[in-house]
Structures are given as C-alpha cells and as structure tokens.
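> coordinates only, sequence not included:
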C-alpha cells in the first residue's frame, strides 16, 4: 500500500485518530509506533485504548516495558526503546504474545524482525517549519491482514483531514 | 520480640534487612543494579531478574551477618510480592517462601507501596495520623492518605508518566545518561529555574498528575533553542515537576487535615523536592517527615516493618500465593 499521511494540529486530534483507528482493529493486530520522544506516541496509544473501550488510565509502559489492558479486545502496550538488541526482544517472549488481542509497540522499528510481517506502522514526526502542536502521521500497512483494510484506513484518515 | 527478615526485589535493587518489632532496624543491605542497567538507559526486566538471582543469597547472608543474627533467630520471613516486574518479584518471593518453609516460620507477602508508606514510621514511630504521603519513583507517582497501618486512601496519581520517568527521559534528551534524577538534580543547582517557564500540567484538576505533556514541552524547547545551557533546562524542568508535586501534596494535606507531609520513593531523594516540602510544611505549621535516602529508595527494612504489622492484623500469607506484578494498593472507602 502507498503510505497514507495526515497532519494533525493538536494532541486531541491525534487521540481522536487513535479512537477512529480502534474501530477497524481485529484480534492479532500489531501496530508499530515510531517517532521522537514527545512526538505523541503515548497520546495515539491512549486514543486507541479509549476506542477499544479501555476504561482505566493508560500509563506509560516505559518503566515496565509492557502494560496490559482489557477492552473490546485485550490490549498490550509495549515500549521497547531500551531493548537495543533483537535477542532481548526475543528473550521477553514478545513474539509469543502477538496473537492475543491488539499489540501496540512503541519504538518497535528497531525490532521489526522479531515482530512479524503483518503490521501497521505509524510514524509520528514534528514538522520542521510547523507549529509546536503540529504532527505528521504516516501510515504504512504490511501483509494481507492489513491490505484488506487499507480502504478503511484511508477513509478514516481522510475523515480527519 | 519479633525478628523479621524483609526481602525486596521488585525492580532494580536486591535488598534484605532484619527489623525487630517493626521499628528497630538491625541491618539494611541494598545491592543496586544501576550500573548494569545504565547501558540500556533504564531497567530491563530480564536483566534485572538474572541479577537478582545472582545476588539474592549474598544479600540475605550479609543482612543476617550485619544484624548479628542467624537464620534460627528469625520469627518470620517477608518478601515484596507486588507490584513490580514479574521475573524480578519472583526471585524475592521464592527466596522468602523457601526460607520460611525450611525454618518453619510464617511467610508474609508485602505490598511494595504499603512498605514505602511504612518507611516514614521507621524514622519516627510517634508520627501523627493521618499523614499526606507523596510516593514518587520511576514507576509510581501518587498521593496517599495514611490513617494507620493497613488504612490508606489513594487521593491522586499519574495518568501517564511517573515523575522519575520524566526525569529519565529529559536526561536522555539532554544527553546526560541514566539514571536521570541525580544528574538533573546536580546540574540544576547551577541553572536558572526561571529561564524557561514550562507548563505545570493539571495544576488545577484535582490531585492527579500528568508528566507526558511536560516532557514534550522540554523536547520542543531543546529543539527550538539548541544553544540554551542544559543546566538551565534541567533547573526549569525540575522547578515545574517539584512545584506541581508540592502544590498537590499540600492541597491533599488540606483536604484530609493532615499535620504531617511525608515523602517516599526514589525521587524523594531529590534535593529540591526535599527543600520545598520542608519549606511549605514550615509555612503551614506542619511537620515534614523526609526519610533518609536508604529508606526512601527500595529497601528490605520497609518490607520487614510492614510485614510486622501485616502479620499482626492478617496472619501469615499462604505459601501458594505467588508474585502479583499488577497488585493494587487496597484503599479504604
């Protein structure tokens, strides 16, 4: 799929986008979030969680590496920033939990080989000349599980444009 | 006289202590893994578990030696059973249960945060209740009303990042390494806390905290003004964190009529936070109870102390109880 992109002008819109995305998520989905510290990965993950019906606050997974939530589907929120090597990701058994519910992995771009071929990658970045609250979000799907939903994805991104 | 061995392995400190009657600390041994985790920029769960396994026996032996006690002197063995990292908790819990079984004494599983709440008591058993306690570390940020042993009410907590985590992330962005707390505290002393006015998130929204937005504001400032000295950014960031923490702690104390402000957790070692809590306490005629460094950070003494009171109120913990990584602090209504 050609990457789909969108510029949001507030953290609330980034969160709303996560909520809209939650509506098309299925059991076994893997979402990889990339972007600098402070880009809004947590806000997007919180939006996805809210959209899935997670009622408790979604705390940062940085300290514990993984946090689990119960929504319409089980949600696993991981931050693998500190796991520099592929082997450490495998040691945690991350590949074994990917079938359960929805898994969001922050900083997962460094560990793609351990995470599988079926995934939605979302890259969030600040615009060089943009306002402080502007963010560019780029969506790219990989594998069959996502190619069948690329129209849905384009529609929900378009709705927020 | 009840002699309890307390074991703590919930995160990155392997710790054991011998405490008599819940108050008299006979030894308090802490083996830190900070250097081990520094190269990863934070605690890595699997690495932590292995390190605990390697040092647990030596730490327990040293705690007994320093207390001048032998295994036969123990009346109970306690271990932190949650919350924390699953693999890390298991090491302490397994060691505690094995010792209790072999010695034929009660095993007591202790809640990590309940233990932190007891650390203040270790400093001063005559402290007046209720206390407004601010627990701040890399994994937790909350304000608790402590009304007695086993009687706690969580008044507010973070909705995203813990304060200690914000320190780590800002230190990383400034290229200062891990852990972020001590180094930011140190360089902030040479900086101007008013050089950048960072947001005080959720200042007027109850007693909950949010530090994710503050972290983003610091990143944007670094991007916008790359030449601003790191010590000025560190000082300004620290001022925003400390002001938010202290403001809400005082507000909580007003709300529950507490005469004592208490600090606990690793961030309680921060010099600016300690100074500010002491200042606001004095101004409002309250008392500030600031436990010494080795009782603020994770330690075995607080586990043994909390276990003493748990054993009196609830009796031993069954040996088939395991480690509970997501254990919630039981709050009274």
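Cool, got the structure. Model, not experiment: these values are computed from the prediction.

> Show the backbone phi and psi for the residue of chain A found nearest chain B.
Closest contact between chain A and chain B, by C-beta to the nearest C-beta, is at residue A:38 (3.5 Å). From N, CA and C alone the C-beta is placed, and that goes for glycine too. Residue A:38 adopts backbone torsions of phi 80, psi 10, taken as degrees, to the nearest 10.

> so who does it touch?
Taking C-beta atoms under 8 Å, 6 or more residues apart in numbering or on different chains, we find residue A:38 in contact with B:215-220.

> rerun at 6 Å
In this structure, residue A:38 makes contact with B:215-216, B:219, judged by C-beta atoms under 6 Å, 6 or more residues apart in numbering or on different chains.

> ranking the residues you listed by neighbours, who comes first?
Neighbour counts for the contacts of residue A:38, by other C-beta atoms under 10 Å in any protein chain shown, peak at residue B:215, which reaches 26 neighbours.

> In the stretch 51-200 of chain B, what residue spans correspond to helices?
B:86-103, B:112-123, B:163-173, B:180-188 (DSSP state H, counting those that start in this stretch).

> just so I know, which of the ones you listed lies nearest chain A?
Here helix B:163-173 is closest among those (C-beta to the nearest C-beta), at 5.6 Å.

> packing partners for that closest one?
In terms of contacts (3 or more C-beta pairs under 6 Å, 6 or more residues apart in numbering or on different chains; DSSP states H and E), helix B:163-173 is packed against helix B:180-188, helix B:212-224.

> now the ones you listed as TSV including distance to residue A:80?
Shown next, in TSV, are the helices and strands packed on helix B:163-173 (distance: least, C-beta to C-beta, whole Å):
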stretch	distance to residue A:80
helix B:180-188	19
helix B:212-224	18
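
> Lowest average confidence across those helices, which one?
Looking at the helices and strands packed on helix B:163-173, the lowest mean pLDDT belongs to helix B:212-224 (a mean of 91).

> What residues of that helix count as buried?
Buried residues in helix B:212-224, counting neighbours by 16 or more other C-beta atoms under 10 Å in any protein chain shown, are found at B:212-219, B:221-222.

> what residues does that helix touch?
So helix B:212-224 is contacted by A:37-38, A:42, A:132, B:160-161, B:166, B:169-170, B:173, B:196, B:198-199, B:201, B:237, B:240 (C-beta under 6 Å, 6+ apart).

> All the strands of the chain, in order from the start?
Since you didn't name a chain, this refers to chain A. Applying DSSP state E to chain A gives strands spanning A:4-8, A:30-34, A:66-70, A:74-79, A:102-106, A:119-126, A:135-142.

> think we crossed wires, I meant chain B
B:3-8, B:13-20, B:24-32, B:76-82, B:107-111, B:131-136, B:141-148, B:151-157, B:260-264, B:287-289.

> Walk me through which strands the shortest one pairs with, and which way each runs.
The reference is to strand B:287-289. strand B:260-264 (parallel) (DSSP bridges).

> Same check on the second one?
Sheet pairing for strand B:13-20, assigned by DSSP bridges, gives strand B:3-8 (antiparallel), strand B:24-32 (antiparallel).

> Tell me which of these sits most buried.
The highest mean neighbour count among the strands paired with strand B:13-20, using mean count of other C-beta atoms under 10 Å in any protein chain shown, belongs to strand B:3-8: a mean of 29.

> Which residue ranges make up each domain of chain B?
Following the assignment in automatic domain parsing, chain B carries domains at B:3-116+B:295-314, B:129-294.

> Counting neighbours, what do you get for residue B:1?
Residue B:1: 7 neighbours (other C-beta under 10 Å).

> Now the buried members of the contacts of helix B:212-224.
Buried among those by 16+ other C-beta under 10 Å: A:37-38, A:42, B:160-161, B:166, B:169-170, B:173, B:196, B:198, B:201, B:237, B:240.

> Taking those together, which two end up most distant?
A:42 and B:196 (22.1 Å; C-beta to C-beta).
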